[in-house]
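1. quick one, fold the following:
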Amino acid sequence: MINAIKDNVTDGIGMARPSAAEPDLPNKILMKKIQKAVLNPFENDRHLSLMAAQSQLWQGGEISYEETKNDLCFGIMNLSDPIVAETYTNDLLKFETDLVELAATGSPIIDVFEYKIKAGA
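-> You can find the predicted model right below:
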């Protein structure tokens, strides 16, 4: 991937998951407002990272642009906060346990964790 940047084939590596948490990340980088994404505590755990990104994409879709008041991160959980990350992880474990139970009965399942931010999270 480093060679892809050096050869001008791409301008960034791994923008998808960080952009789920911060939808305006590419623009912030191009405008030189920031140099990197916020730390994701799940970056070394592919499953948790993917599930969190799916939840963040869902959260972003639940709020209209007008409601964000120009803050595209409004309403999207901030996993760099250890309390938010721990709460999400615990709630995700319960969600996945429920999925296994539904699958065992042959019931249809929705595998995107539609996680609503708790007050103060």
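2. by mean pLDDT, which helix or strand of this protein comes out lowest?
-> The helix or strand of the chain with the lowest confidence, counting by mean pLDDT, DSSP states H and E, is helix 2-6 at a mean of 69.
3. next secondary structure after that one?
-> Using DSSP states H and E, the next helix or strand after helix 2-6 towards the C-terminus is helix 16-21.
4. mind giving me the packing neighbours of that following helix?
-> Identification of packing neighbours for helix 16-21 by 3 or more C-beta pairs under 8 Å, 6 or more residues apart in numbering; DSSP states H and E yields helix 25-30, helix 46-61. Every residue, glycine included, has its C-beta placed from N, CA and C.
5. buried set for it?
-> Across helix 16-21, burial judged by 16 or more other C-beta atoms under 10 Å covers 17-21.
6. can I get the residues you listed in CSV with distance to I110 and pLDDT?
-> Output for the buried residues of helix 16-21, formatted as CSV (distance: C-beta to C-beta, whole Å; pLDDT from 0 to 100):
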residue, distance to I110, pLDDT
R17, 20, 87
P18, 25, 88
S19, 23, 91
A20, 18, 92
A21, 21, 92
